[in-house]
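Student: everything below, folded, please.
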Amino acid sequence: MRTASRAAYGLIILVAALLGAGPATAQMSSMSSDQPAMPPVQGYAAGEEVLFLHTAASDSEIASLLTNMMGSPVLTVPALAKAPDELVAQVYVFANGLKPEGARGPLGFQPDVFDNVPGSDDYSPLRTLVLVTWSNEASARLLKSSAEVEQARQTGDLTVEIPGVVVNMPMLTWPGGRR
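Tutor: Numbering: from 1, shown residues only. Modelled structure (predicted):
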């Protein structure tokens, strides 16, 4: 169920530009300079920390935003947006709210939240971006699971929009597993 929302998409780009999202917003590992670098990013799934990668995005502006955030190239692959719904899971990206110390999401707020992890029936590294906006930033709290995001949405604490962007985000660590 992906629906394009140009307003949500524009908000993503605007917020990222205003925040000047850069490498400091991502938790990165160190590698020698002669090896390709693809730093892991911290997020949450099922109430626990996960590590994942950004490898490709269906939209060039999002790929550029993620490249700047990571300091590592994120490829633009427009065909990702054409992936059938049954091949795409969700990632919740926060457009406002908490600005925790340490790891943050691509827009400078809390880390991303994933709905399915490897081993679950609906896991996919392909993620449709779901933009999360707190109705009242003063009531924002750290959410660590898709169930918490959905509960906050149902109570009106936040809204979600789906701008139609798909990002390849394979997990490196997840609750109960790792590569």
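Student: isn't Leu87 up against Leu126?
Tutor: Yes - under the criterion of Cβ atoms under 8 Å, Leu87 lies in contact with Leu126, with a separation of 5.9 Å. (Glycine included, C-beta is placed from N, CA and C.)
Student: so which of the two has more stuff around it?
Tutor: Under the criterion of other Cβ atoms under 10 Å, the comparison of Leu87 against Leu126 puts Leu126 first, with 19 against 11.
Student: gap between the more buried one and Asp115?
Tutor: If you measure Leu126 against Asp115 using Cβ to Cβ, to the nearest Å, the figure is 12 Å.
Student: which residues do these two both contact?
Tutor: In terms of Cβ atoms under 8 Å, 6 or more residues apart in numbering, Leu126 and Asp115 are both contacted by the residues Ala89.
Student: neighbouring strands for the host helix or strand of Leu131, and are they parallel or not?
Tutor: Remark: Leu131 resides in strand 126-134, with elements defined by DSSP states H and E. Counting by DSSP bridges, the strands paired with strand 126-134 are strand 89-94 (parallel), strand 158-161 (antiparallel), strand 166-168 (antiparallel).
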